[in-house]
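A.B. asks: Sequence first, predicted coordinates after that:
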There are 4 protein chains.
Amino acid sequence: MDFKIPPRVEGLRQDIGTFLEERAGDVERAVIKRGMANCLPELAELRGEVKARGWWCPQLPESHGGMGLSLSEFALVSEVIGRSLVGHYVFNCQAPDAGNMEILIEFGNERQQREFLAPVARGDARSCFSMTERDRPGSNPVWMETRAERDGDEFVINGQKWFTTAADGASFAIVMAITDPEAPPHRRASQIIVPCDTPGFRIVRNVPVVGHVGGDHDSHAEVAYEDCRVPVANLLGEQGAGFAIAQSRLGPGRIHHCMRWLGICARSFELLCRRAAERELAPGDPLGTRQIVQAWIAECRARIEAARWMVLHAAWKIEHEGAKAARVEVSMIKYFVADVLSEVIDRAIQVHGAAGLTDATPLASFYQGERAARIYDGPDEVHKMVVARQVLRQYGVDTRR
Amino acid sequence: MDFKIPPRVEGLRQDIGTFLEERAGDVERAVIKRGMANCLPELAELRGEVKARGWWCPQLPESHGGMGLSLSEFALVSEVIGRSLVGHYVFNCQAPDAGNMEILIEFGNERQQREFLAPVARGDARSCFSMTERDRPGSNPVWMETRAERDGDEFVINGQKWFTTAADGASFAIVMAITDPEAPPHRRASQIIVPCDTPGFRIVRNVPVVGHVGGDHDSHAEVAYEDCRVPVANLLGEQGAGFAIAQSRLGPGRIHHCMRWLGICARSFELLCRRAAERELAPGDPLGTRQIVQAWIAECRARIEAARWMVLHAAWKIEHEGAKAARVEVSMIKYFVADVLSEVIDRAIQVHGAAGLTDATPLASFYQGERAARIYDGPDEVHKMVVARQVLRQYGVDTRR
Amino acid sequence: MDFKIPPRVEGLRQDIGTFLEERAGDVERAVIKRGMANCLPELAELRGEVKARGWWCPQLPESHGGMGLSLSEFALVSEVIGRSLVGHYVFNCQAPDAGNMEILIEFGNERQQREFLAPVARGDARSCFSMTERDRPGSNPVWMETRAERDGDEFVINGQKWFTTAADGASFAIVMAITDPEAPPHRRASQIIVPCDTPGFRIVRNVPVVGHVGGDHDSHAEVAYEDCRVPVANLLGEQGAGFAIAQSRLGPGRIHHCMRWLGICARSFELLCRRAAERELAPGDPLGTRQIVQAWIAECRARIEAARWMVLHAAWKIEHEGAKAARVEVSMIKYFVADVLSEVIDRAIQVHGAAGLTDATPLASFYQGERAARIYDGPDEVHKMVVARQVLRQYGVDTRR
Amino acid sequence: MDFKIPPRVEGLRQDIGTFLEERAGDVERAVIKRGMANCLPELAELRGEVKARGWWCPQLPESHGGMGLSLSEFALVSEVIGRSLVGHYVFNCQAPDAGNMEILIEFGNERQQREFLAPVARGDARSCFSMTERDRPGSNPVWMETRAERDGDEFVINGQKWFTTAADGASFAIVMAITDPEAPPHRRASQIIVPCDTPGFRIVRNVPVVGHVGGDHDSHAEVAYEDCRVPVANLLGEQGAGFAIAQSRLGPGRIHHCMRWLGICARSFELLCRRAAERELAPGDPLGTRQIVQAWIAECRARIEAARWMVLHAAWKIEHEGAKAARVEVSMIKYFVADVLSEVIDRAIQVHGAAGLTDATPLASFYQGERAARIYDGPDEVHKMVVARQVLRQYGVDTRR
């Protein structure tokens, strides 16, 4: 056992941390006040600097223009990047592009990689992933309404999606649609690339999330597919493999999310402590002298630490034993870290009082944007069932209802 | 002991409940989607209907145009009104006007009542209460920067306030300012009426609360007082009585807040249950069959019930033994109910999944707007100290640090 | 609505409180140190004093030698009695005798009342209730192994029970046994009186509860029924009515338990506060100056208050609308109060440090004896399901799995 | 980073696990039913087997007859040993002997090691550590009453200790006593070896812990030192170094405790799962199909996992950076793991229902014996303050009150 962060990664973490602190603060404040869609030039400039420093796409192989970090190396870097509201975007490792790039690298053919992956990997385009439907529970991913029917060498797609993150301004979507309704449940859906200028692809609106409509990458669209025709050549992998492709992303994707969340935790915790140090209840009497605040600091510090080692272990297990062997770990970190995230943000806000709800810090943005952490990618409760069933199977219980 | 709601009040609750369900739904949805400031005509229409039915200002004495309900009667009615996002506004019992009207009735002289109280009580004007300062903790209400200096028969007010709720569109503010800096701490501040068109009264901006800037009554302004001159005749009560006046409102004000929160709890709980009944995880298999959801229902139901009796008892105690005797109760309901409120909203959102964060229900508005419940009016932690110190005093402990 | 405790009951509470404080302390300490079975003479003496003061059997009608208090009056008195470890026994309103007396009054015929009820009501004998079986879940009360087969004018009982509270030293048991195995599930069992000297009635052992074996009334026996023959005349009510009789006791029984628990809460809270006041961390610096302890005091105080009004309301509702109408309330108080009880005891122990685990206070006895509160009478989880199902039924959900 | 348990240690864990399962079950059951003091022969036999297999004193250097495991290696082994109630005793790594041996190795001179360490290391004698006083808070370790006054070449010790674990049957105590009352607080106390047959050393009684008086190693004595004279040569280390010696043990001692607790967690979790698998609510319908139980399984599994990596990291940090650098970690694991421990035991009991409170499993023993985990070695709250103060110091806050 060795808990030491490799010196190369530690150095990178330091450098990126310093860069974000020195260079990203103004842009973050601008994004909080004016919205991401109104700050694209500043963000583009930061992206340029990231490229210049050789940190672009830390999660991608070098052959695709990235840094070639391993999963656990990226996890450690992602934690630092996640401290800034704009971090992942600026390093081009933001969801859903990161996941889409991963899919295209693993399942895309040469043409698909050239036409769709390359521009995103360069930062010249963005993409979206269109799976969630309003009237179908995310917890039952094989129950889906959107259909892609074969018509000659085209798919004709019809359906309604929502929470298609970052569709606003994207150049293409990867859509999950039923292509084989008579197949066994897990073989019914396929993943198909749909350029966003295809007739019949329509963004109905950006759905407000806790009141925040957002725009550009920072948005979640309702998308209508209305007799939307794309060439069969846009199919990713085999027909019917949509669910399997989605599953294959889950392990690494979960690590990405969790380490970004831990970055938010680290940032929120730091804001909490700074406020405790600086806010005075009476002249010379800072909030941090109060035992209740101290107890929160101690509890948050411990829970973040615990969550962090869990996630790093899960990343390590995926690398060494594969995603399947790490299935329990990958589900556990989902609900454990999401819970820590909620609590740390909540405590940090409480220590800030009313200021914590305003635009004075990123805390309100975290509170608004990260409530979804306990919902997306399968609600926490679903992951608990996954873990319990795996555990109980060892005791001979079949827990399918 | 008798836990029966008086039939007259029960009837009123039923009628108001039906009215809100039938008539307020569309306006509420409009407010969620377009913002309150863009729905004033619809709201005015509803207000007209409320007046026509004789329900206007349920909390005010009949002599001031209200229904003349007692505190605990109003508490029960307020719970029903609070179920709708627009309820309190439509019945003209919304904060901060309700509190300001109460102050003006108790401490305002005849001219002040005629000029300032009457238009608000009629619904022709709105008001705001300007106490909180950004750089001074709300938990130490005697530490304040804003000054009102006497200059002849005028006060010259200078200072910076924020979270002056509903300043946007208000016709006057009641401002807390230091008039006697050398007096003992609790005798330093006074409450002064400042018409909003007074030169030197400036709304700097509406402060975003969890990203929501809002407008009109639904807003929280940063207000600058810059050599703002008002006649000394605008003083409320005696000079130096500002803190005492603020204190006098706390008991009834707390009951108002808590019962409104319980209205939000009731609404959220109903949305939770309806979603559990209607959302299917698979055809014919509603979410409500899941034990985790059932446990949440049972826990929320019990906690709401418990909170409700606590608040009704506190109201009863204020009525029968006075606000001072009920001090512990009035502090306890603050943190107990705010906690239940947070949890019920949170559970209701979780049961809705992603939809719970959108504009499909008022839940996201509750989540955005009511996080402040644990902060304003003294953070929960302050009220816990109040209770503990009162309790420990009986055991001979002096707990002032 | 009226939250005032009737003066007569308030006076009684004061008097009983004073009596227990002045007279029961030594006996309580003796019971903690030596065990109840070794303190019977002292307990008998206290019982004599209770009788002399006219407080005997507060829950029984005057016609049976009791005080004739109503359910909610007794609830209030029971809270005070519950403050002492020995209180309920000393007033002869302890489980399981109180429940058995209730059954005998409602379902016993004249002979049964004369032979079995009268001695217990006088305090000359004790009884036990023999329902729980080790190998059958209490959460499924219709699944039971013990059989009572008719043989002439006798029942022949065979089976194994445990957690037959207070069997040690009892003069008779009321046993639940299957008499009609082919009837619908809820009509299969009957309640039968079994004198403890009947051949075939055998106490296997007193089962240790958290290591405490106990003795006499303070014990929980494993009981074997081995061809145990009793006259058919010992049947309580109709054959097959066992489950219905058990159900009929649940409402009032739950109130009794919950108010006793609230007495334990009150006592533990008082011990907590006293320790906070008296324990010094450094000379002149009592524990109660620490904010964490203060927060616990405030939270416990509020939770106890909330629980208390819930239970009193439930008692009132049973009285005014019947046990059936109060079914949700009766289940809610079970898990809500049991949870508050666990937390208050836990906090009180923590404030005492190691001393809290010793025999220096009754806290360790509470911790040892009351963990079961979340289990007996149906585990909390079962009651949550009862509540959720009742609630969801209103939304059209059938939640039977 | 590498989370792999070294194969040698993994093998040892397997072997020891199998040994305990096959050989220790009967003894454990006997200890639960009859008490440790009545099972010494069986325990001695098991100890003999452990020696024969070469596993004796895994925590000790080989030069002192142990296995010579490193701290983190022993941590991993201790987790497995901790699964059995009798595990640590059987491997001779039980508190307080393990800590005393560590002190004697580090601070004892040759004679002290020969006379006192050697017999304990061989398993021929036991020892105790006498620090806690009833009337002085453990959270203020420099405030102590017991005095050791120099009289010629003897110390004359007077004072009263309690929670002197395992004094019953011990051959010597290491006692903390004030030798230099005028020195600075942290230099006042010394550690002195007191043979238990010294006149003036008197075991007043074994203090019941949650009703359990225990005996022999499984006991916590109140000890009176009454003019108890021991040679000055029995001083450990320098005079006045008592506090420093105690501190030096804290890091490794905390790791030992926490990993033992994690062993209890693992065992309790396993019992929970087995019960969920085997207990039927109706024929063929095991408890484990219930979602609430599944949620508990998932939550316990995750919390145990999180706690485990935290402790293993803390052990690693002590080894690589020293106990001082790991101070925050060593305090964090105290309260984090103790909290997980409480919850896992509690859930496991709840899943067992009434059986969980009896002697049918070790759960009731865990519930009885391990409540103290949140108290001894500094209550959780003290450790939270330690962590908060260390954190806040980095932000410039001096948090000493």
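C.D. replies: Arrived safely.
A.B. asks: can we go C-alpha only for contacts and neighbour counts from here?
C.D. replies: Fine.
A.B. asks: In space, what's closest to A:Gly159 - neighbours in sequence excluded?
C.D. replies: A:Thr146 (4.1 Å; Cα to Cα, 6 or more residues apart in numbering or on different chains).
A.B. asks: quick one: that neighbour and chain B, what's the gap?
C.D. replies: When Cα to the nearest Cα, to the nearest Å is applied, the distance between A:Thr146 and chain B equals 16 Å.
A.B. asks: So for that residue, what's the pLDDT?
C.D. replies: Listed pLDDT for A:Thr146 reads 97.
A.B. asks: cool, and A:Val86?
C.D. replies: 97.
A.B. asks: on that earlier part again, and the residue nearest to A:Gly159, how many residues sit next to it?
C.D. replies: Look at A:Thr146: counted by other Cα atoms under 10 Å in any protein chain shown, it has 22 neighbours.
A.B. asks: do the one 4 residues further on as well
C.D. replies: Around A:Arg150 sit 16 other residues, with neighbours defined as other Cα under 10 Å.
A.B. asks: just the one 4 residues further on next, same as before
C.D. replies: One way to gauge burial is a neighbour count; for A:Glu154, by other Cα under 10 Å, it gives 17.
A.B. asks: which ones are touching it?
C.D. replies: The contact partners of A:Glu154, by Cα atoms under 8 Å, 6 or more residues apart in numbering or on different chains, come to A:Arg229, A:Val230, A:Pro231, A:Val232.
A.B. asks: what's the distance between the closest residue to it other than its chain neighbours and A:Asp151?
C.D. replies: In space, A:Glu154 comes closest to A:Pro231 once its chain neighbours are excluded; the distance is 4.3 Å by Cα to Cα, 6+ apart. In this view, A:Pro231 and A:Asp151 are 10 Å apart by Cα to Cα, to the nearest Å.
A.B. asks: again with A:Ser248
C.D. replies: 29 Å.
A.B. asks: count of neighbours near the residue nearest to A:Gly214 when sequence neighbours are not counted?
C.D. replies: Spatially, and ignoring its direct neighbours in sequence, A:Gly214 is nearest to A:Gly35 (6.6 Å; Cα to Cα, 6+ apart). A:Gly35 is flanked by 18 other residues according to other Cα under 10 Å.
A.B. asks: Just to check, A:Gly35 is in contact with A:Asp216?
C.D. replies: No: using Cα atoms under 8 Å, A:Gly35 makes no contact with A:Asp216, being 9.3 Å away.
A.B. asks: Model confidence at the residue nearest to A:Glu154, what's the number?
C.D. replies: For A:Pro231, pLDDT reads 98.
A.B. asks: Please apply the same query to A:Gln247.
C.D. replies: 89.
A.B. asks: now it: how far from chain C?
C.D. replies: On the measure of Cα to the nearest Cα, A:Gln247 and chain C end up 30 Å apart.
A.B. asks: That residue sits in which helix or strand?
C.D. replies: Per DSSP states H and E: A:Gln247 is located in helix A:242-278.
A.B. asks: what packs against that helix?
C.D. replies: helix A:71-81, helix A:97-107, strand A:189-195, strand A:285-286, helix A:291-321, helix A:327-352, helix D:380-393 (3 or more Cα pairs under 8 Å, 6 or more residues apart in numbering or on different chains; DSSP states H and E).
A.B. asks: same thing but at 6 Å, please
C.D. replies: Here helix A:242-278 touches helix A:71-81, strand A:189-195, helix A:327-352, going by 3 or more Cα pairs under 6 Å, 6 or more residues apart in numbering or on different chains; DSSP states H and E.
A.B. asks: so which of those gets nearest chain B?
C.D. replies: helix A:327-352 (7.0 Å; Cα to the nearest Cα).
A.B. asks: still on that earlier bit, mind putting the helices and strands packed on helix A:242-278 into JSON lines with mean pLDDT?
C.D. replies: Below are the helices and strands packed on helix A:242-278 laid out as JSON lines (pLDDT from 0 to 100):
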{"stretch": "helix A:71-81", "mean pLDDT": "97"}
{"stretch": "strand A:189-195", "mean pLDDT": "97"}
{"stretch": "helix A:327-352", "mean pLDDT": "98"}
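A.B. asks: These: which one's closest to C:Met67?
C.D. replies: helix A:327-352 (51.8 Å; Cα to Cα).
A.B. asks: How about the closest one and chain B, touching?
C.D. replies: No: judged by Cα under 6 Å from any Cα of the partner chain, helix A:327-352 stays clear of chain B, getting no closer than 7.0 Å.
A.B. asks: what inclination does that helix have with respect to helix B:380-393?
C.D. replies: Helix A:327-352 runs at 70 degrees relative to helix B:380-393, counting by axes from the mean of the first three to the mean of the last three Cα atoms, to 10 degrees.
A.B. asks: Establish whether whichever helix or strand comes after helix A:327-352 and chain B are in contact.
C.D. replies: For helix A:327-352, the succeeding helix or strand toward the C-terminus, using DSSP H and E, is helix A:363-370. Yes: using Cα under 6 Å from any Cα, helix A:363-370 reaches chain B at A:Ala364.
A.B. asks: Show residues contacting helix A:363-370.
C.D. replies: For helix A:363-370, contacts defined as Cα atoms under 6 Å, 6 or more residues apart in numbering or on different chains pick out A:Val210, A:Leu357, B:Val210.
A.B. asks: Pull up the gap between the residue nearest to A:Gly159 and A:Tyr225, please.
C.D. replies: 8 Å.
A.B. asks: which residues are in contact with both of these two?
C.D. replies: Common neighbours of A:Thr146 and A:Tyr225 (Cα under 6 Å, 6+ apart) are A:Asn158, A:Gly159.
A.B. asks: May I have the phi/psi pair for A:Asp124?
C.D. replies: Phi and psi for A:Asp124, reported as degrees, to the nearest 10, are phi -90, psi -10.
A.B. asks: What about it, how many residues nearby?
C.D. replies: With other Cα under 10 Å as criterion, A:Asp124 counts 9.
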